[in-house]
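Here's a sequence, model it:
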Amino acid sequence: MEATGAYSEPLATFLHDEGYDVSVENPARIRRFGQAELSRNKTDKDDARMIARYCKLHGPIAVAAGAAE
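From the prediction side, this is the model:
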């Protein structure tokens with residue numbers, strides 16, 4: 001997910017506590033990736049697809065659920 005300050009941290013913590021692997025990425029990096037893909041659409045659905053493509057191509061490191069325990 002993109003780091004959005006006050007919004008992403010509680011969600012990332014919740015998902016991690018529920019057993020999901022979570023990676024919080026710099027939004028500027030995601031935006032540059034979208035620009036490189038010539039992505040012009042700016043809807044939540046399009047953003048989610050772009051973030052999924054970014055993760056598939058770049059394999060960001062996720063914090064595995066239970067790793068901090």
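
Tell me who's in contact with the residue lying closest to residue 54 once chain neighbours are set aside.
Spatial nearest neighbour of residue 54, chain neighbours left out: residue 33 (4.9 Å); criterion: Cβ to Cβ, 6 or more residues apart in numbering. Glycine gets a C-beta too; all of them are placed from N, C-alpha and C. Taking Cβ atoms under 8 Å, 6 or more residues apart in numbering as the contact definition, residue 33 lies against 50, 53-54, 58.

gap between residue 33 and residue 60?
Residue 33 is 11 Å from residue 60, where distance means Cβ to Cβ, to the nearest Å.

quick check, nearest of the contacts of residue 33 to residue 42?
The nearest member of those to residue 42, counting by Cβ to Cβ, is residue 50 at 9.9 Å.

What is the burial count for residue 52?
Residues near residue 52, counting by other Cβ atoms under 10 Å, number 10.
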